[in-house]
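Q: Here is my input; please provide its structure:
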Amino acid sequence: MVRAASLLVFCLASLGAAQPITRLKPLCPETPVCVAGQAQAVIVAPQSLAEVAERLVEVLYQPIVDLKTDAITGAEALVRLRELDGSLMPPSEFIDIAEDTGLINELGEWVLLESLRQVADGRGAGIVDDGFTISVNVSVQRVNDGRMVTTVRDIVQKAGLPAERLVLEVTESTLITETDKIRATMQELRAFGPRLAVDDFGTRYSSLGYIQQFEFDVLKIDKSFVDGLGTGTNRQIGTAVLDLARELGVRTIAEGIETEVQDGVLRELGCRYGQGYLYDRPVPASLIEEHLRRAAVGSSTLAPVQRLGEARS
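A: A predicted model of the protein is given here:
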C-alpha cells in the first residue's frame, strides 16, 4: 500500500533536507534507503522508515459543526508537514512537490488510513458516536487513477471503520475533464458506502448540475463566498443555492466561517453545517476527542468563538 520509503523521501524533499534526492534500487525489506543531500547522506533502516515518516507528516482535524445544535458532527482531515524546527508547513508549500515527485497518491493514502484509524479508535473507545463523519480530500491524480476504488475500499477495510462514515471531497475543477470516467468512478465509490462531497463550491465552474450528474451527497460552500455574505447579492445567491440543495437532498457545509456575523447569516439562511476558524483551527485528534468527552457529560457545548480553543486553556 503506502511505501514508507517513498513517503520519507517526499518529506525530506519538502523540508529541504536533501537536494537532490536518490533512492537505492531495488528497494526491498533488507535494503537500507539512502537519502543523499548536498553535504550529507542519511542511511535509514527499513524498519525505521514508517517511524521517521510519521514524525514528519501530521494529520490535523478541523471540526464540522451542526449549526442547529452546536455539536461537532464530523471533521475534515488536513495534512501538514512538520519542519525541522517543529513548526508546521502549510499544504501550499508542499503539495506541488508531492505532485511533481509522483507521491501525491501515496501521501493521500497515508492520510486516509491514518484519519480513518483515528475515528475507528474513537468509536471503539466510545468517544466518537456512530454518526461522526471524517472528510478527506482526493487529488485529481487519484480520481483519474483506475485503482482508486480498490485502494479506498482496501484502506477502509484495513482501518475498520464503516465506509458510510467516510466523506471523499473533490473540487469542481476535477470534474470538467473525462466526465464519463469520473462519473463511473464516483458511482463505484458510492456503491460500497462512502459519501461524496464537491469542495470549494462557488469558486470556479459552480453548477448545481454537478450535484445531480455525479450524485454528490455534500456541497461545501467556499470561503470566498462566505466572506461576501454581507452583500445583498451574495445573500440572495446563498438563499437560492441552499434552497436548491435542500430540494436535491444534498447536505450543505459552509467553509471558512470566521465571524459571528457570518455564522448568524448562515443560520438564518438555513445552512445546517459549518466549518472554520470561528469554531477552531485544524487541531490534533486528541483535542477533538477532548471536546467530545466533555460534551458527552454535558460540560461543553460548541457555540461560536473558538470553543475548542477555550478547552485548551
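
Q: Going by secondary structure, E76 is in what exactly?
A: For E76, the element it lies in under DSSP states H and E is strand 72-82.

Q: Which secondary structure elements does that strand sit against?
A: Helices and strands in packing contact with strand 72-82 are listed as helix 46-56, strand 57-66, strand 88-89, helix 104-124, strand 133-137, helix 285-296; criterion 3 or more CB pairs under 8 Å, 6 or more residues apart in numbering; DSSP states H and E. All C-beta spots, glycine's among them, are computed from the backbone N, C-alpha and C.

Q: Looking at those, spot the one closest to C271.
A: Proximity to C271, assessed across these by CB to CB, is greatest for strand 57-66 (10.7 Å).

Q: Could you pull out the helices in this structure for me?
A: Listed in chain order, the helices of the chain (DSSP state H) span 4-14, 46-56, 95-100, 104-124, 140-143, 148-159, 179-191, 209-214, 223-227, 232-248, 260-269, 285-296, 307-312.

Q: which of those has the lowest average pLDDT?
A: Here the helices of the chain differ in mean pLDDT, and the lowest is helix 307-312 at a mean of 45.

Q: Of all the helices of the chain, which one is nearest D85?
A: If we rank the helices of the chain by CB to CB, the stretch that ends up nearest is helix 46-56, at 12.6 Å.

Q: coming back round to it: show me which positions of the strand holding E76 end up buried.
A: Of all the residues in strand 72-82, those buried under the rule 16 or more other CB atoms under 10 Å are 72-81.

Q: now stretch 252-265
A: Under the neighbour-count criterion of 16+ other CB under 10 Å, stretch 252-265 has 252-257, 259, 262-263, 265 buried.

Q: how far does it stretch from start to finish?
A: End-to-end distance for stretch 252-265, by CA to CA, to the nearest Å: 14 Å.

Q: Which stretch among the helices of the chain is buried most, on average?
A: Across these, the average number of neighbours (mean count of other CB atoms under 10 Å) peaks for helix 4-14, which reaches a mean of 22.

Q: re earlier: same list (the helices of the chain) but as CSV, adding distance to S173.
A: Converted to CSV, the helices of the chain look like this (distance: least, CB to CB, whole Å):
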stretch, distance to S173
helix 4-14, 23
helix 46-56, 29
helix 95-100, 14
helix 104-124, 15
helix 140-143, 8
helix 148-159, 17
helix 179-191, 12
helix 209-214, 11
helix 223-227, 14
helix 232-248, 18
helix 260-269, 24
helix 285-296, 29
helix 307-312, 31
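
Q: do you know which of those lies nearest S87?
A: S87 sits nearest to helix 46-56 of all the helices of the chain, at 12.3 Å, using CB to CB.

Q: Tabulate the helices and strands packed on strand 72-82 (TSV), appending distance to Y277.
A: Output for the helices and strands packed on strand 72-82, formatted as TSV (distance: least, CB to CB, whole Å):
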stretch	distance to Y277
helix 46-56	25
strand 57-66	9
strand 88-89	15
helix 104-124	20
strand 133-137	17
helix 285-296	14
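
Q: Of all these, which one is nearest R272?
A: Nearest to R272, of all these, is strand 57-66, at 6.7 Å by CB to CB.

Q: For the closest one, buried residues please.
A: Of the residues in strand 57-66, those with enough neighbours to count as buried (16+ other CB under 10 Å) are 57-65.

Q: Only the C-alpha atoms, please, for that strand, written as PDB.
A: Coordinates of the C-alpha atoms in strand 57-66 are reproduced here as PDB (Å, rounded to 0.1, in the frame of the first residue of the first chain):
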ATOM      1  CA  VAL A  57       3.800  14.100   8.500                       C
ATOM      2  CA  GLU A  58       0.900  15.000  10.700                       C
ATOM      3  CA  VAL A  59      -2.800  14.900  10.200                       C
ATOM      4  CA  LEU A  60      -4.800  17.600  11.800                       C
ATOM      5  CA  TYR A  61      -8.600  17.800  12.100                       C
ATOM      6  CA  GLN A  62     -10.900  20.800  11.700                       C
ATOM      7  CA  PRO A  63     -14.400  20.200  13.200                       C
ATOM      8  CA  ILE A  64     -17.600  20.400  11.200                       C
ATOM      9  CA  VAL A  65     -20.300  21.900  13.400                       C
ATOM     10  CA  ASP A  66     -24.100  21.400  13.300                       C
END
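
Q: how's this protein carved up into domains?
A: Following automatic domain parsing, the chain resolves into domains at 4-53, 58-312.

Q: List the residues that contact the closest residue to Y273 other than its chain neighbours.
A: The spatially closest residue to Y273, leaving aside those adjacent along the chain, is I253, at 4.3 Å (CB to CB, 6 or more residues apart in numbering). With CB atoms under 8 Å, 6 or more residues apart in numbering as the criterion, the residues that contact I253 are 64, 197, 218-221, 271-275.

Q: Nearest approach to T171 belongs to which of the helices of the chain?
A: The stretch from these with the least distance to T171 (CB to CB) is helix 140-143; that distance is 7.8 Å.
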